[in-house]
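K.L.:
I'd like to go over a predicted model; first the sequence, then the structure.
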Amino acid sequence: NDPVELLEMGKGHYEEGDYDTAFEYWTKAAELGDVAAHYWLSRLHHDGHRLEKEMGKVIHHMEEAAIG
């Protein structure tokens with residue numbers, strides 16, 4: 001339950017093209033308050049890697065990252 005470690009694990013999976021696992025790690029990190037995880041989640045939504053492009057979620061996660 002270390003948000004920094006979860007963030008880094010997500011980055012590793014993202015770089016390997018494993019977007020589903022990256023999503024899981026970043027979602028948990030974001031729930032634990034890691035603002036960088038919100039940024040990376042916004043990238044997943046924006047780029048449509050894991051999900052269809054959802055601008056509402058892109059904006060939500062970018063706002064959370066900016067506030068943090």
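P.N.:
Yep, that arrived. Numbers count the residues shown, from 1 in each chain.

K.L.:
hey, which helix or strand in this structure has the poorest pLDDT?
P.N.:
In the chain, the helix or strand scored least confidently by mean pLDDT, DSSP states H and E is helix 55-67, which has a mean of 82.

K.L.:
Just list what that one packs against, helices and strands only.
P.N.:
helix 35-47 (3 or more Cβ pairs under 8 Å, 6 or more residues apart in numbering; DSSP states H and E). For the C-beta atoms, the positions are set from N, CA and C on the backbone; glycine is no exception.

K.L.:
show me the residues around the residue positioned nearest the centre of the chain that make contact.
P.N.:
By Cα atoms, centre = their mean, the mean C-alpha position of the chain lies nearest to Leu41, the distance being 2.5 Å. Residues in contact with Leu41 (Cβ atoms under 8 Å, 6 or more residues apart in numbering) are 23, 26-27, 30, 57, 61.

K.L.:
pLDDT wise, what is it at?
P.N.:
You'll see Leu41 listed with a pLDDT of 90.

K.L.:
so where's this structure uncertain?
P.N.:
The chain contains residues with pLDDT under 70 at 49-54.

K.L.:
Am I right that Glu64 is in contact with His38?
P.N.:
Yes: counting by Cβ atoms under 8 Å, Glu64 does reach His38; the two are 3.9 Å apart.

K.L.:
Neighbour count: the two, which is higher?
P.N.:
Counted by other Cβ atoms under 10 Å, Glu64 and His38 do not tie: His38 has more neighbours, with 23 against 18.

K.L.:
Distance check, that one against Glu15.
P.N.:
19 Å (Cβ to Cβ, to the nearest Å).
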